[in-house]
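Enquirer: Compute the structure for the input listed below.
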Amino acid sequence: MNGRTLTKLLVFSIILLLLIVMFYFRILPQRTEHNEGSKNCLLTSNATYWPSMPVVTVHRYLSNGSIVEYGESFTPWPHEDKGFYVIEDWAEELGISPPCYITKATGKAVLEAEGKAGYGLFLRWRVKNDGNSWSDLKRVDKRKETAVSAGSVRIAVYTIPISNGSWKIEAGELLENPYWFNSTGGGRFVSTWFNGTCTCKPEEILKATLNKIKFSGFKEKEHVEILETEALKPMYSAFFVRDSQYLYVEFAQVKGMDLVRVLMIMGDEEVVKAYAEAFTAGSVGG
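Expert: Below you'll find the model as predicted:
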């Protein structure tokens, strides 16, 4: 190999090294922004998920033998059943889903006519009597319906454990995708157990999720004050915007369950604000 060839190889190597360095420093700020201050939140054991409507049912079994039962539903429904619901893991695809969830229900509802957004919440503390009977120590029920216009909306609901424990998870698995609202079947009841917790505290889970949302290009537009209820303690709620997309994010702790419930709604501005009002964890404050 002559001197001219060695010189060319040396120059080529230097140029290649410079390109690598420039590329590294170009992507480094993005990586730092995405991970800054975020802990790597993980479940201590595996969880099982099913495609379902945005409905959550979880029972927590306590060491003293009592049970806390929690259910929450976020169901759009068109008049005369005109429309469908399709399973879409849209929040995961956008990279904005929270970590450590043991339940998830994500999809898009398409209402081909005006309809209602039905919200339901159920929380019950139960103790076992002598024999096989149970008594309710406390029970909270909430139901409401809000008129909504025709159109589409994306909804995602997650629950995250924040202490070590044992939870029974129930769901209505959808066997049809899309599921038409006038369908008379297409589902089955399923259940499983989760034993464990998340390695992060509630505020760390919130921070990690907000970092993902902002890294994906959404900008916080407006905070929403949600008032505490007998069942839910709000942690955070706000609207975000990215181009023409509106996103509502709500974190709340389920009392007595050691669970964080995360609600996400995405669509155009009018739709998201209507469903956020319909599905909020509590009364909207001033």
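
Enquirer: in the stretch 151-286 of the chain, which spans are helices?
Expert: 202-215, 269-279 (DSSP state H, counting those that start in this stretch).

Enquirer: any chance of those in JSON lines, plus distance to residue 186, mean neighbour count and mean pLDDT?
Expert: Bear in mind the C-beta positions are built from the backbone N, C-alpha and C, glycine included. What follows is the helices of the stretch 151-286 of the chain, written out as JSON lines (distance: least, C-beta to C-beta, whole Å; neighbours: other C-beta atoms under 10 Å; pLDDT from 0 to 100):
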{"stretch": "helix 202-215", "distance to residue 186": "32", "mean neighbour count": "19", "mean pLDDT": "97"}
{"stretch": "helix 269-279", "distance to residue 186": "23", "mean neighbour count": "19", "mean pLDDT": "94"}
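
Enquirer: Tabulate these (CSV), appending distance to residue 108.
Expert: Output for these, formatted as CSV (distance: least, C-beta to C-beta, whole Å):
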stretch, distance to residue 108
helix 202-215, 19
helix 269-279, 11
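
Enquirer: Cross-check the contact I'm expecting between residue 77 and residue 181.
Expert: Yes. Residue 77 is in contact with residue 181 according to C-beta atoms under 8 Å; the separation is 6.3 Å.

Enquirer: Compare those two and say which is more crowded by neighbours.
Expert: Between residue 77 and residue 181, counted using other C-beta atoms under 10 Å, residue 181 has the larger neighbour count: 22 against 17.

Enquirer: count of neighbours near the closest residue to the more buried one other than its chain neighbours?
Expert: Using C-beta to C-beta, 6 or more residues apart in numbering and skipping residues adjacent in sequence, the residue nearest residue 181 is residue 81, 4.1 Å away. Other residues within reach of residue 81, judged by other C-beta under 10 Å, total 14.

Enquirer: In contact with residue 81, which residues?
Expert: 180, 181, 182 (C-beta atoms under 8 Å, 6 or more residues apart in numbering).

Enquirer: Would you mind checking which of these is nearest to residue 160?
Expert: residue 181 (29.5 Å; C-beta to C-beta).

Enquirer: Contacts only, for the closest one.
Expert: Taking C-beta under 8 Å, 6+ apart as the test, what residue 181 contacts is 77, 78, 81, 82, 83, 84, 85.

Enquirer: Pull up the per-residue confidence for it.
Expert: Residue 181 is assigned a pLDDT of 92 by the prediction.

Enquirer: re the thing from before, quick one: closest of the helices of the stretch 151-286 of the chain to residue 72.
Expert: Closest approach to residue 72 among those (C-beta to C-beta): helix 269-279, 9.1 Å.

Enquirer: what's next to the closest one, contact-wise?
Expert: The contact list for helix 269-279, computed with C-beta under 8 Å, 6+ apart, reads 74, 76, 117, 119, 144-146, 148-149, 151-153, 155, 224, 239, 241, 246-248, 250, 263, 265-267, 284.

Enquirer: before we move on, back to that, so which of the contacts of residue 81 is the closest to residue 139?
Expert: Distances from residue 139 to the contacts of residue 81, taken by C-beta to C-beta, are shortest for residue 181, at 30.0 Å.

Enquirer: Tell me the spacing between the closest one and residue 95.
Expert: Residue 181 is 30 Å from residue 95, where distance means C-beta to C-beta, to the nearest Å.

Enquirer: for residue 65, same thing?
Expert: 42 Å.

Enquirer: Just the buried residues of stretch 152-160, please?
Expert: 152, 153, 154, 155, 156, 157, 158, 159, 160 (16 or more other C-beta atoms under 10 Å).

Enquirer: pLDDT for these - can I get that in a markdown table?
Expert: Converted to a markdown table, the buried residues of stretch 152-160 look like this (pLDDT from 0 to 100):
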| residue | pLDDT |
| --- | --- |
| 152 | 96 |
| 153 | 97 |
| 154 | 98 |
| 155 | 98 |
| 156 | 97 |
| 157 | 97 |
| 158 | 97 |
| 159 | 97 |
| 160 | 98 |
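
Enquirer: For residue 200, list the residues it contacts.
Expert: So residue 200 contacts 39, 41, 99, 100, 208 (C-beta under 8 Å, 6+ apart).

Enquirer: which two in those are spaced the farthest apart?
Expert: Farthest-apart pair in those is 39 and 100; separation 10.7 Å (C-beta to C-beta).
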